[in-house]
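> next one to model:
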Amino acid sequence: MQLDLESLSEATSGAIGSLVSTTVLYPLDTCKTKYQAEVQAKHQRKYRGISDVLWEAIAKRQVLSLCQGLGTKNVQSFVSSFIYFYGYSYFKRLYLIRSGNKNIGTVANLIAATAAGVCTILITQPLDTAASRMQTSEFGKSKGFWKSLSEGTWSEAFDGLAISILLTSNPSIQYTAFDQLKQRILKDKMSKKTDTKSSPEALSSFSAFMLGAVSKCAATCLTYPAIRCKVMIQAADSDDDKRTEAERKAQRTISGALYTIWRREGLLGYFNGLQAQILKTVLSSALLMMVKEKITKSSWILMLMIGRLLSVKHPKLKAA
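Here you go, the predicted model:
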């Protein structure tokens, strides 16, 4: 058995990058999520923008409540990113080995990214649901991770699972676009590289930031209606919601969420909050990719050291 050091390196650097971006931008994420979860006609809306959510927190002296659910979100972000980047790198390498190609095409890249995304969602969905419920709770009244999940049935911990699987197309589009653009930028460097055991080439901070922003913006615009439906489904039981129990149950389904938006906000309602989503996710993705690219070489060296240490202690691992 041989350790897949490249996949471990990708997973480690991606998870750390995700943890940093989630922590730095979490208050913005909370404002964005509370804004998206509200479904009302324009003249009845409590929030007319994400700035209104911020001013409400300030007015109620609950600014720190913008970080409610941060611990759960950090765990979800770290675990999901590690699983995703490991799976994504592993599936790409598996394809290249089986096909004998030197580069992976766009279609194969999308399939690898989607497969990694589905595996990630199935494992981390309860954490994502709990974080969304804590974010949309009334300021200062977050119930915490265990209470948020224990009040409902186990199946409710997987609210939004179907649409989350559908939304694997978002990171699939994002990372496929990022990788394809990255391959073009690094094409000359990769062609001159002869030592296959050396650390992989990395983008500059500025290039990684810009490519991360562009690729995430494209993915967000294409998948936003589904993103908003997911937030509504997961926030169906938020404390400050005045809907009836029947309306909440209906909203837990994709068709129910879609119908609620159509009935209360019309066609443009499917894109309500798009600017806030782009602002948050583009900044988050750009920061994630920048951190990931900067620590890729360090994590690669760490993985090599671990691999050598294991091969010294267990020679059979190296020979297998």
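> CA only for contacts and neighbour counts going forward, please
Noted.
> enumerate the helices of the stretch 101-250 of the chain by residue range, in sequence order.
Taking DSSP state H, counting those that start in this stretch, the helices of the stretch 101-250 of the chain run over residues 106-136, 145-150, 161-166, 169-185, 187-192, 205-234, 245-251.
> okay, those helices in CSV with mean neighbour count, distance to Glu38 and mean pLDDT next?
Below are those laid out as CSV (neighbours: other Cα atoms under 10 Å; distance: least, Cα to Cα, whole Å; pLDDT from 0 to 100):
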stretch, mean neighbour count, distance to Glu38, mean pLDDT
helix 106-136, 22, 9, 85
helix 145-150, 15, 19, 69
helix 161-166, 18, 18, 84
helix 169-185, 20, 23, 82
helix 187-192, 10, 46, 62
helix 205-234, 21, 8, 85
helix 245-251, 16, 12, 63
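> closest to Leu283 out of these?
Smallest distance to Leu283 across those (Cα to Cα): 6.7 Å, for helix 205-234.
> now the angle from that closest one to helix 106-136?
Here helix 205-234 runs at an angle of 60 degrees relative to helix 106-136 (axes from the mean of the first three to the mean of the last three Cα atoms, to 10 degrees).
> next one: helix 205-234 to chain centre, how far?
How far helix 205-234 lies from its chain's middle: 9 Å, per Cα atoms, centre = their mean, to the nearest Å.
> which helices and strands sit right next to it?
Counting contacts by 3 or more Cα pairs under 8 Å, 6 or more residues apart in numbering; DSSP states H and E, helix 205-234 packs against helix 5-37, helix 106-136, helix 161-166, helix 169-185, helix 254-265, helix 274-313.
> buried residues, the fifth one. List them.
Spelled out, it's helix 254-265. Within helix 254-265, the residues that count as buried by 16 or more other Cα atoms under 10 Å are Ile254, Gly256, Ala257, Leu258, Thr260, Ile261, Glu265.
> got the helices and strands packed on helix 205-234 as CSV, with distance to Tyr95 columns?
As requested, the helices and strands packed on helix 205-234 are arranged in CSV below (distance: least, Cα to Cα, whole Å):
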stretch, distance to Tyr95
helix 5-37, 13
helix 106-136, 8
helix 161-166, 22
helix 169-185, 15
helix 254-265, 34
helix 274-313, 21
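> among these, which is nearest Leu211?
For Leu211, the closest of those is helix 169-185, at 6.0 Å, according to Cα to Cα.
> now the closest one - C-alpha only, PDB.
Once non-C-alpha atoms are left out, helix 169-185 reads as follows in PDB (Å, rounded to 0.1, in the frame of the first residue of the first chain):
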ATOM      1  CA  SER A 169     -22.400  21.300  -9.200                       C
ATOM      2  CA  ASN A 170     -21.300  24.600  -7.600                       C
ATOM      3  CA  PRO A 171     -17.900  23.600  -6.300                       C
ATOM      4  CA  SER A 172     -17.600  21.300  -9.400                       C
ATOM      5  CA  ILE A 173     -18.000  24.300 -11.700                       C
ATOM      6  CA  GLN A 174     -15.800  26.400  -9.400                       C
ATOM      7  CA  TYR A 175     -12.800  24.000  -9.000                       C
ATOM      8  CA  THR A 176     -13.000  22.800 -12.600                       C
ATOM      9  CA  ALA A 177     -12.800  26.400 -13.900                       C
ATOM     10  CA  PHE A 178     -10.000  27.100 -11.400                       C
ATOM     11  CA  ASP A 179      -8.000  24.100 -12.400                       C
ATOM     12  CA  GLN A 180      -8.400  24.700 -16.100                       C
ATOM     13  CA  LEU A 181      -7.300  28.300 -15.700                       C
ATOM     14  CA  LYS A 182      -4.500  27.300 -13.400                       C
ATOM     15  CA  GLN A 183      -3.200  24.700 -15.900                       C
ATOM     16  CA  ARG A 184      -3.000  27.300 -18.500                       C
ATOM     17  CA  ILE A 185      -1.100  29.700 -16.300                       C
END
